[in-house]
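Chemist: structure, please.
(4 chains)
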Amino acid sequence: MLIEQLINGLTLGSIYVVVALGYTLVFGVLNIVNMGHGEIFMFGAFMGVIVTNSLGLPLYVAFLVAIIVTGILGYFLERFALRPLRGKEGVSHLAPLISTIGVSIFLENAAHHFFGAGNQPFRTSFSELNITIGSTTVYYVQILIFVIAILLMFGLTFWLSKTKAGKALRASAENLAVASLLGVNTKRVITQTVIIASAMGGIAGILVGIAFNSVNPQMGLSFGLKGLAIIILGGLGNVRGAMAGGLILGLSETFLVAYGNSGYRDAIAFIAIIVILIVRPQGLFGTSTSKSKG
Amino acid sequence: MVLEIKKISKNFGGIQALTDVSFSIEQGEVLGLIGPNGAGKTTMFNMITAMFPPSSGEIGFLGQSLSGLKPHEITKRGICRTFQNIRLFSELTVRENVMVGNHCRLTTGVLQSVFRTKYQKQEEENVLRNSDEILEIVGLSEFGQTIAKNLSYGQQRRLEIARALASRPQLLLLDEPAAGMNEKETNDLFDLIKKIQALNITILLIEHDMPLVMRICSRIVVLNFGKKIAEGTPSSIQNNKEVIEAYLGVEEEDELA
Amino acid sequence: MNKRIKLLFSVLMVFSLVVLTACGNNTKDAGDKEIGADGAVKAKIGVISYLTGPGAGYGEAITNGLKLANKELKEAGEVDLELKIEDSAGKQEEALSAAQKLMNSDNVDAIIGPTLSTEMFVVGPEAELNGVPIMGTSNTAEGVPQLGEYVFRNSIPETLAIPASVQKAIEKYDVKKVAILYGNDDVFTKAGYDVMKKVAEDLNLEVVTTETFQLGQSDYKAQLTKIKNLNPDLILASALYNEGAVILDQARKMGLDVPFVGGNGFNSPEVIKIAGEASNGLIVATPWFAHKDDEKVKSFVKNYKEAYGVEPDQFAAQAYDGLYLMAEAVKNAGVADRDEIRDALAAIKDFKGVLGTMSFDEDGDIVMEPTVLIIEGNEYIVFE
Amino acid sequence: MLSELINPYYLQVATFILLNIILGVSIYITLGTGQLSLGHAGFMSIGAYTSAILTLNYNVPLVIGIIIAAVFTGFIGVLIGFPALRLQGVYLAIATLGFGEVIRVLFINWEGLTNGAIGIRGIPHLGREILSFSESLGFSPGMIGLKNNQFVSLAVFLVLLIISIGVIWFFIRQSNSRIGRAFASIKMDEEASEAMGINITYYKILAFGQGALLAGFAGALYAHLTAYISPSDFGYHRAVEILIFAIFGGSEVIWGPIFGAIFLSTMPEFLRVISEYRFMIYGALLVLMMAFRPQGLIDTNVVNWIKRPRLKKKEGKHGTGNKKDK
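Modeler: Alright, predicted model coming up:
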């Protein structure tokens, strides 16, 4: 039971990680919490449903379509909800928070409209494959999810620290004005960031679809809120923090259910962030302080 | 003795901003605090006003220690400051800015404010009169209804002083009040400082405008790299070799930049 | 304070009051209380339904059922009902506003709805105060008909449905140990759980564990793993079909193959659509069975499918019968009068609808036999 | 005559508008010191549950129940206010959002007290209580030509109207005073305010507590208006809805959230036809507001424009309530 629950926790945690990485990336560069990320993630999941179920195409096409569609959504989000606010005088730093909340409300209800309110099955032959070791059954999906989470984390870390685009991104994260003086095309960097983060949301959406066979318009909010809690937990804008935070949350939720009271499952994430904000506002891995404006 | 700085040191995560600085200010004087950029002058201000605590040492005001007090309590004790980079309440009117400065001398609470007791009305009247008097002193009377951010730069500097004066300080800390001012405005500032001095308010002045400092200060304390390198009358400072060395070098750099 | 603003505000207030009341004034319509030229009794029936938001699916099924019933009733020509449909978005305040609108602006003679029991708890007392008969077609919580003299329902409560299905399941499978899994943040599923708990106690079943989940959750594996390790003979799952189907899917995948007994909300063709093979072994008690060998049922299912392209679920069926019950009351009352309709509703005995044979008890609650179904071979069949 | 003029439906809608006005003001007070709270739905639920439980289980009179609920919520607000002080901007927003969710989960699980997800029903209804009270005094609605339901709706509406006017009056008075100036200066520059002798700890907690108290008050009223509450009434969406009142209407002057609450609560009634798209419109509205009018529809300029003719006479009075930001 312990091992099975450990696998359950890691699977859930890995999905949380991928969701949280999207938030982290945007926050790291723009200092903005993108409240619309959860809903973009949900759209990614629905793309998977449409491609595999309705159109009967293979899984990799689903990934491709989800990445493209969520990337486009990310572009629109940046273009209409973030760009108009940037550099405008007298705009409160809370404005992007509010306008992305607007995006999330819009997308959630658009999904209701287009896809219906209920759960959509997400059936692929891949999700049936499994191996049994002793008494424990492990699905390939679970392994895949874990691997993707790890790959994305390392990929992101590598991309940020080693590639030119990544370096431009980090320079922008340090200081937008200075980066722009140094010849970094900050507008492009920002757009790129939001698109990449959204595409990661799309990947996470498909992963949830195959892992849990459950896609519905409300999942954006529930996963989105968890993702939000994770980045606070791990330290805003911190890639490794998001990784650790996501796994910790996935495991603790699973173990609370396994050995405690499942009724409080949804509260753990928030109790954790309230505690962390009071005790260690910069997050588990963060270095900046809560006084830095967000 | 109004203010006594005793062996103040400040360490910011390994960087020594101030080391064992001591000096004192006498009643009614204008003390200049000068030094090259990064010498620790503003850090000193921040510690006097308890924006952050010193790593070691103590600050005494009118014979009482200030340690452990919060910034607003310091203000209530009678020390108020201006900011190097102007920090007015930019969306409030000029007069309201001054009224906010008066806050710590008022006592009405929520219920009195809402139910407009006789006492509250009296107090509001006093605040208005008081603010107008102060605006008169700094020469901003006609701008009472102007939104603060619409003032000119020099006027904003003077409004900062007016706002600080409204808290009825015994010691006023001015952080580069002449920065960015033209010659005429600097002269007006000189007159203003003299006027404030005449109100029996002691002044501690950080300033880069040397002619102004030499003209107005009775004594000068010089900091360099967080250490006090000299203290004395303007003329003795002007001739102090160490000061000239520390200063000239930086002045050249300033010009280069 | 500024006098001008004060003035502006009061003017606005007075203005809005005048407008509001003025609007209310001219909506009286005396014509609706007459018998039409062709002899049909005319009446206005208000409908409050959950049409936008997460539960819009229920509202859609309900209004579809009502519209179909109304079309047939019009063709039959005995009554001429006009439906006034309002959205509640699943929120109590909006349901209440909608009810006030129907009762006082549209002057309806009776109301069908609202969709959720929570909404009914708010709307019911108000209808009672206004003396408007109101019938819930989908409220299953305890205490709904007890809200007042004018409050009825034709949906069977969980207290009727769940004991029937559990009883049959334990007889068939020789059940000793059960695990309970329920959604603890939803009225519907929580109410179902309360009944399950009581039934388990009454039948002396050993409850090995009680697990909860929350609305919108996707991952039930932690709970299911725990349950699996405790080896129950049966799982009592109080879930709406949306979550329930996913639970079944995840349970079967991890090799948890025991039968499930679900509540009323678990009963939907959607379960099979979502969970496929995994849905086999789900036992539910329901007032509605689409494949019953009955002429009425067959023609309803056929007509519904033609009109809306899907098979009717229990929400559609209950709404469909709800309007027939209402029409029966209007016909018996012979006049579109709220009090008369109420009395006629209360007097209905052994009315045959697509759900079965229905009567109202003294509280206004439905009296009928639920059918126990099981999913086998990817379809619902009668469980015997 | 009178009886034909009074339509409970419109009174009902107006009553909920008034309730939303109180909620809008509650978030405005907190925003007034630069603190963004997404926890107001949580405060609302604390007020609602406190009053419901007191009146239902302990037979506390309705009025007393509401007052205790409001004060208790204010107290909780102050307790939350202390740790909240350390947080700014998004951190505060997310922490308060977390607070609201934790409260909701707590109410779901604390079945002994709250009856869990099933919720509490049969809460004494404000209007019906007034009816039975006036009947006990020998008055019946029929005496002034009203039906019972008309009387109930009218009584509730009038009580709410008086309360809302009282609340608005209170906070306008407060903002035109020393307290209001302190709030405004803290919103603009916390450090400078502190240096000017303002105890920012006190005022920020005061604002947080007042906002919580008012939200709790509104929550208690809500419980007695619908006579039924459950934890799902006070979720994330409610918190966002309350915030939208202030954001859409404007958070600079008190008229902003009031306008926002009126407009956004009336709109759905008119837009019942296109209700399917209602929330999509809400979402788009938020984005557009931030892009084109981040200060909200009603700002100082609008207020100044309305009161322009009297500006000169107003010289004597000074406060910040009407001119917080540009």
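
Chemist: helix/strand/coil for the closest residue to residue D:31 other than its chain neighbours?
Modeler: Leaving aside its sequence neighbours, residue D:31 sits nearest to residue D:251 (CB to CB, 6 or more residues apart in numbering or on different chains; 4.6 Å). Where you see a C-beta, it was placed from the backbone N, CA and C, and this is true even at glycine. Three-state assignment for residue D:251 (DSSP: H, G, I helix; E, B strand; the rest coil): coil.

Chemist: quick one: residues contacting residue D:251.
Modeler: Taking CB atoms under 8 Å, 6 or more residues apart in numbering or on different chains as the contact definition, residue D:251 lies against D:27, D:28, D:31, D:32, D:257, D:295, D:296.

Chemist: now, which of those sits nearest chain B?
Modeler: residue D:295 (10.4 Å; CB to the nearest CB).

Chemist: which residue, other than its chain neighbours, is closest to the residue of the stretch 1-150 of chain B found nearest chain C?
Modeler: Taking CB to the nearest CB, chain C has its nearest neighbour within the stretch 1-150 of chain B at residue B:116, 10.4 Å off. Computed as CB to CB, 6+ apart, the closest residue to residue B:116 that is not its neighbour in sequence is residue D:173, at 6.9 Å.

Chemist: mean confidence score for the helix or strand the one you found falls within?
Modeler: Using DSSP states H and E, residue D:173 maps to helix D:148-175. Throughout helix D:148-175, pLDDT has a mean value of 92.

Chemist: buried set for that helix?
Modeler: D:148-157, D:159-161, D:163-165, D:167-168, D:170-175 (16 or more other CB atoms under 10 Å in any protein chain shown).

Chemist: so residue D:225 makes contact with residue D:14?
Modeler: No: in this structure residue D:225 lies outside contact range of residue D:14 using CB atoms under 8 Å: 12.0 Å.

Chemist: which of those two has more neighbours?
Modeler: residue D:225 (25 against 22; other CB atoms under 10 Å in any protein chain shown).

Chemist: can you name the residues that contact that one?
Modeler: Residue D:225 neighbours (CB under 8 Å, 6+ apart): D:15, D:16, D:19, D:125, D:126, D:127, D:156.

Chemist: how about these in TSV, adding distance to residue B:33?
Modeler: TSV is the format used below for the contacts of residue D:225 (distance: CB to CB, whole Å):
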residue	distance to residue B:33
D:15	63
D:16	61
D:19	57
D:125	69
D:126	65
D:127	69
D:156	66
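
Chemist: buried subset of the residues you listed?
Modeler: By 16+ other CB under 10 Å, these give D:15, D:16, D:19, D:125, D:126, D:127, D:156 as buried.

Chemist: roughly how far apart are the residue of the stretch 101-250 of chain D found nearest chain B and residue B:134?
Modeler: Of all residues in the stretch 101-250 of chain D, residue D:197 sits closest to chain B, at 3.0 Å by CB to the nearest CB. Separation of residue D:197 from residue B:134 (CB to CB, to the nearest Å) stands at 15 Å.

Chemist: look at those two and report which has more neighbours.
Modeler: Using other CB under 10 Å as the criterion, residue D:197 and residue B:134 rank with residue D:197 on top: 29 against 24.

Chemist: check contacts around that one.
Modeler: Taking CB under 8 Å, 6+ apart, one finds B:72, B:75, B:76, B:80, B:101, B:103, B:104, B:105, B:167 in contact with residue D:197.

Chemist: where does chain B have low pLDDT?
Modeler: Regions of chain B meeting the criterion pLDDT under 70 cover residues B:248-257.

Chemist: so where do the strands sit in it?
Modeler: Here chain B has its strands, by DSSP state E, at B:3-12, B:15-25, B:30-34, B:56-61, B:64-65, B:79-81, B:171-175, B:202-206, B:219-224, B:227-232.

Chemist: same list (those strands) but as JSON lines, adding mean neighbour count and distance to residue A:192.
Modeler: Below are the strands of chain B laid out as JSON lines (neighbours: other CB atoms under 10 Å in any protein chain shown; distance: least, CB to CB, whole Å):
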{"stretch": "strand B:3-12", "mean neighbour count": "18", "distance to residue A:192": "36"}
{"stretch": "strand B:15-25", "mean neighbour count": "18", "distance to residue A:192": "36"}
{"stretch": "strand B:30-34", "mean neighbour count": "24", "distance to residue A:192": "48"}
{"stretch": "strand B:56-61", "mean neighbour count": "18", "distance to residue A:192": "49"}
{"stretch": "strand B:64-65", "mean neighbour count": "11", "distance to residue A:192": "56"}
{"stretch": "strand B:79-81", "mean neighbour count": "29", "distance to residue A:192": "44"}
{"stretch": "strand B:171-175", "mean neighbour count": "24", "distance to residue A:192": "42"}
{"stretch": "strand B:202-206", "mean neighbour count": "24", "distance to residue A:192": "45"}
{"stretch": "strand B:219-224", "mean neighbour count": "23", "distance to residue A:192": "47"}
{"stretch": "strand B:227-232", "mean neighbour count": "18", "distance to residue A:192": "48"}
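
Chemist: quick one: which of those is nearest chain A?
Modeler: strand B:3-12 (13.4 Å).

Chemist: tell me the strands beside that closest one, with direction?
Modeler: For strand B:3-12, the pairing partners within the sheet under DSSP bridges are strand B:15-25 (antiparallel), strand B:56-61 (antiparallel).

Chemist: quick one: that strand to strand B:30-34, angle?
Modeler: 20 degrees (axes from the mean of the first three to the mean of the last three CA atoms, to 10 degrees).

Chemist: residue D:153 and residue C:103, how far apart?
Modeler: Taking CB to CB, one finds residue D:153 at 11 Å from residue C:103.

Chemist: which stretches in chain B count as helices?
Modeler: B:41-48, B:71-77, B:94-101, B:110-115, B:118-138, B:153-165, B:183-198, B:210-216, B:234-238, B:241-256 (DSSP state H).

Chemist: mind putting these into JSON lines with distance to residue C:267?
Modeler: JSON lines is the format used below for the helices of chain B (distance: least, CB to CB, whole Å):
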{"stretch": "helix B:41-48", "distance to residue C:267": "69"}
{"stretch": "helix B:71-77", "distance to residue C:267": "65"}
{"stretch": "helix B:94-101", "distance to residue C:267": "65"}
{"stretch": "helix B:110-115", "distance to residue C:267": "57"}
{"stretch": "helix B:118-138", "distance to residue C:267": "66"}
{"stretch": "helix B:153-165", "distance to residue C:267": "71"}
{"stretch": "helix B:183-198", "distance to residue C:267": "83"}
{"stretch": "helix B:210-216", "distance to residue C:267": "87"}
{"stretch": "helix B:234-238", "distance to residue C:267": "92"}
{"stretch": "helix B:241-256", "distance to residue C:267": "82"}
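
Chemist: about what we covered before: can you tell me the SS state at the residue of the stretch 101-250 of chain D closest to chain B?
Modeler: Strictly by three-state DSSP, residue D:197 counts as coil.

Chemist: tell me who's in contact with the residue nearest the centre of chain C.
Modeler: Most central in chain C under CA atoms, centre = their mean is residue C:138, positioned 1.0 Å from the mean C-alpha point. Counting by CB under 8 Å, 6+ apart, residue C:138 makes contact with C:58, C:62, C:115, C:116, C:155, C:315, C:318, C:319.

Chemist: so which helix or strand takes in it?
Modeler: For residue C:138, there is no enclosing helix or strand under DSSP H and E.

Chemist: got the residues of the stretch 151-300 of chain C near chain D?
Modeler: Applying CB under 8 Å from any CB of the partner chain, we find that the stretch 151-300 of chain C lies next to chain D at C:183, C:184, C:185, C:186, C:187, C:189, C:190, C:191, C:194.

Chemist: if we use 10 Å, what do you get?
Modeler: By CB under 10 Å from any CB of the partner chain, the residues of the stretch 151-300 of chain C that approach chain D are C:182-191, C:193-194, C:212, C:214-215.
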